[in-house]
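In: show me the folded form of this:
(2 chains)
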Protein chains: 2
Amino acid sequence: MLAAIVAVGSELLSTDRLDTNSLQITALLERHAVELQGKSVVGDDPVALAAELRHRLDEVDLVVVCGGLGPTADDVTREAAAAMLGRELIEDPEVWARIERRFRSFGRVPSENNRRQAQVIAGGRVLPNRHGTAPGMMIEERGKTLVLMPGVPFELTALLAEHLEPWLAERSRGSEIERVTLRTALRPESEVDRALEPAYRELGRERITVLASPGEVKVRLEAAGTAAERQERLAVMERRIRELLGAAIYGRGESTLEAVVGELLATRGATLAVAESCTGGLLAERLTRVPGSSRYFPGGLICYSDAAKQALAGVPADLLARYGAVSEPVARALAMGARERFAATYGVGITGIAGPGGGSAEKPAGTVHFAVAGPGGSVRHHHLRFPGDRERVRTFAATAALELVRRLLLDIDEPLWSGERPT
Amino acid sequence: MLAAIVAVGSELLSTDRLDTNSLQITALLERHAVELQGKSVVGDDPVALAAELRHRLDEVDLVVVCGGLGPTADDVTREAAAAMLGRELIEDPEVWARIERRFRSFGRVPSENNRRQAQVIAGGRVLPNRHGTAPGMMIEERGKTLVLMPGVPFELTALLAEHLEPWLAERSRGSEIERVTLRTALRPESEVDRALEPAYRELGRERITVLASPGEVKVRLEAAGTAAERQERLAVMERRIRELLGAAIYGRGESTLEAVVGELLATRGATLAVAESCTGGLLAERLTRVPGSSRYFPGGLICYSDAAKQALAGVPADLLARYGAVSEPVARALAMGARERFAATYGVGITGIAGPGGGSAEKPAGTVHFAVAGPGGSVRHHHLRFPGDRERVRTFAATAALELVRRLLLDIDEPLWSGERPT
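Out: Residues are numbered from 1 along each chain as shown, chains lettered A, B, ... in the order given. Alright, predicted model coming up:
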């Protein structure tokens, strides 16, 4: 079964609001293995809405419309759907009686406007709404189904559960879809994609989705069938993807890189302190997003000025003078300084040029030096260069620092990407 | 002119992602008085996308497509648009040369996959992308215009500004809508709304929009007409809103609270250092988001553990033992410690319970103590309690700290909201 979602409301076409109701509907469709072909937002315009509904109903089997069932003149979903189907709108005495009862229970009387909410499309099924005045509707046309739902989120939730869920369950008969997400950091999307080519061939391209965000690439696997089949299929897929991507996979499902690094530290009884320059606290902020991070994170230094690098992290003045603040020796000194000041097992140092200013031909904006100091005086250094604006460089740099710590803790030696070389 | 926006990407049809790129495009269209008829999301399916583009191009004058221009096989926008238009895709040697140069500048070599990104639609105009590999495209067909844009948000921002904005400006010829946004921090939305009632009556409800986000409330004013009329109308409205909200307005337009505080510090030749506990670096991270923040921000301490509060910020052990880490005396000591360690004009201390754990009946999650230390040993303290989850509490706390510094620098004495009392 193929579906589409249409959200109705001019406010959803402004810059301040987003349709989020469709997420509820999507979750329900996904669970019942209904493929969502597309979703759209239309304003309170009956002509445009009728055209949209026609287009959608031509393309898919099930169209779920959400919103525009209120009592005011700009609630146009009923009219648009009736016009599109070429059917009449008729007042349903039972729906009107329910609206009157509902108002009476609050000590009020419905207005003439509310009569609009008692209008139903001829031949459609009314889906009673216990939480509001507007009922939903379900209309069949030539083997296709149009469902109208109210836009008030909690009314929608109830109507989906009471009416759409059972209808879908009857049709999906246990063929639900299950998903697993595997997560990598700092691998370029194109490299992940190339590495996955054998899996695309063997397992099917359409079951594997690559999702990139700054500094991270996720691989989502999908399986249908009975519960046992789904699990078996996902296990096979996951095994293959893990063979292909190896240690680049840092986590699974919802686990974030900072949570994974935190867990690695915690299970080793280790602690991590940071000394940040260009990231300005972002690495510490990410580490402390995780509830309970105080188990392994004592704290950090943000050494934005050279004076702070000297006074707080103990970076020798002559290193700063000789190599500049953005350099390997300073990154190493920051890492060692953080480790010592907080008496931590590991110390991370980050120094770079976030931009947009401050770069030079030799050290352009995006240049970042990282060091991780560990027990016994060992310090590992990386020199990376990130593309993008200030925010992006900082995001990449914090992610890179976390990934470098993960690799150190797990003894992973491979380069972050082809061409990258640790020192 | 009537427009539609199409966002491409199967991930945008999942429950984990929402299309937010369309908001950027919408803002641009609004500015040029282009009416948005609808927006939609389509997955990485070339057939469905081609059908969607055809449908949209039949209905409106301008279709802006966003996403699906990446290097992988599931980036199908180029193919779908070419198929829909019945035109060829051809490799553009200039685009390919630019991609190769770009990779080289990062010491890398483009993969064969990246060649896809050099393909352009015959007869289309290439919109060079200085921030990424995929160029945009603009194609005219029978008086209608199809624009293809990359889905990476900052690449999109740049391409909209460099290519679509001038194109729209040429066509809108002065019929623009202009907006001014005034920004407040920490005022509850309902208080701002109440304070604005006279303005609603005098200036028109529909021209004033109140927009709330965690810790901030923005007031957006809107005027149409010729450039001179718009400016005159906006000036009158802004004057009135400023009378009603007074010192609560910290900024205007795109200026963030951290940028405003930074500017206040810079013009005074003052510096600010921080010592953060529950915010874990978020305050420093916000301050250093601003390019050039090194002028007034030497650095900060993240004192997550009690040991770090003592060793790094010099918080006396007996204060911690007597009052606990989340207390007024510790906040004051952190502020003074930050000020001294970095030899800064001002020091901020934050200590609180971000949650979800760690709260008690006396100090529930969301409890945060703030202190700002200034010259001459003066320290101002605030004790606030924020609603919401860990992320929300931390966001509120960082915003509150910035707002408290702003109020100190500007000598603003009024409470943050009715009922709040500084000590």
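
In: what does the stretch 1-150 of chain A put close to chain B?
Out: Within the stretch 1-150 of chain A, the positions lying close to chain B (C-beta under 8 Å from any C-beta of the partner chain) are A:13-16, A:18, A:20, A:23, A:26-27, A:30, A:36-43, A:45, A:48, A:51-52, A:55, A:59. Where C-beta positions appear, they are placed from N, C-alpha and C, glycine not excepted.

In: any quick ChimeraX command for the buried ones out of the residues you listed?
Out: Per 16 or more other C-beta atoms under 10 Å in any protein chain shown, the buried members of these correspond to this ChimeraX selection:
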select /A:13,14,15,16,18,23,26,30,36,37,38,39,40,41,42,43,45,48,51,52,55,59
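
In: so which of the residues of the stretch 1-150 of chain A next to chain B belong to helices?
Out: Here DSSP state H is the test, and the residues of the stretch 1-150 of chain A next to chain B give A:23, A:26-27, A:30, A:48, A:51-52, A:55, A:59 as lying in helices.

In: that's a helix at residue A:134, yeah?
Out: No: Residue A:134: not assigned to a helix; according to DSSP: H, G, I helix; E, B strand; the rest coil it is coil.

In: so who does it touch?
Out: A:69-71, A:117, A:150, A:155 (C-beta atoms under 8 Å, 6 or more residues apart in numbering or on different chains).

In: name the nearest residue to it, sequence neighbours excluded.
Out: Computed as C-beta to C-beta, 6 or more residues apart in numbering or on different chains, the closest residue to residue A:134 that is not its neighbour in sequence is residue A:69, at 3.8 Å.

In: in the contacts of residue A:134, which has the lowest confidence score?
Out: Ranked by pLDDT, these bottom out at residue A:71, which scores 85.

In: run a quick neighbour tally on the residue nearest to residue A:134.
Out: 27 (other C-beta atoms under 10 Å in any protein chain shown).

In: I'd say it and residue A:150 touch.
Out: Yes: counting by C-beta atoms under 8 Å, residue A:150 is a contact partner of residue A:69 at 5.0 Å.

In: name the SS class of residue A:179, please.
Out: Secondary structure assignment for residue A:179 (three-state DSSP): strand.

In: was I right about it contacting residue A:221?
Out: Yes: between residue A:179 and residue A:221 a contact is recorded at 6.6 Å, counting by C-beta under 8 Å.

In: which one of these two is surrounded by more residues?
Out: More crowded of residue A:179 and residue A:221, by other C-beta under 10 Å: residue A:221, with 22 against 17.

In: now name the helix or strand holding the more buried one.
Out: Per DSSP states H and E, residue A:221 falls inside strand A:216-223.

In: what's in contact with that strand?
Out: If you take C-beta under 8 Å, 6+ apart as the criterion, strand A:216-223 is touched by A:177-189, A:192, A:196, A:207-212, A:229-231, A:233-234, A:237-238, A:241, A:245, A:257, A:399.

In: off-centre distance for stretch A:338-347?
Out: Its chain's C-alpha centre and that of stretch A:338-347 lie 33 Å apart, by C-alpha atoms, centre = their mean, to the nearest Å.

In: typo on my end, it should be stretch A:96-106
Out: Centroid separation between stretch A:96-106 and its chain, computed with C-alpha atoms, centre = their mean, is 41 Å.

In: and that stretch, which residues are buried?
Out: A:96, A:98-100, A:102.

In: tell me the two of those that are most distant?
Out: A:96 and A:102 (10.6 Å; C-beta to C-beta).

In: in stretch A:141-151, what's buried?
Out: In terms of neighbour count (16+ other C-beta under 10 Å), stretch A:141-151 has its buried residues at A:144-151.
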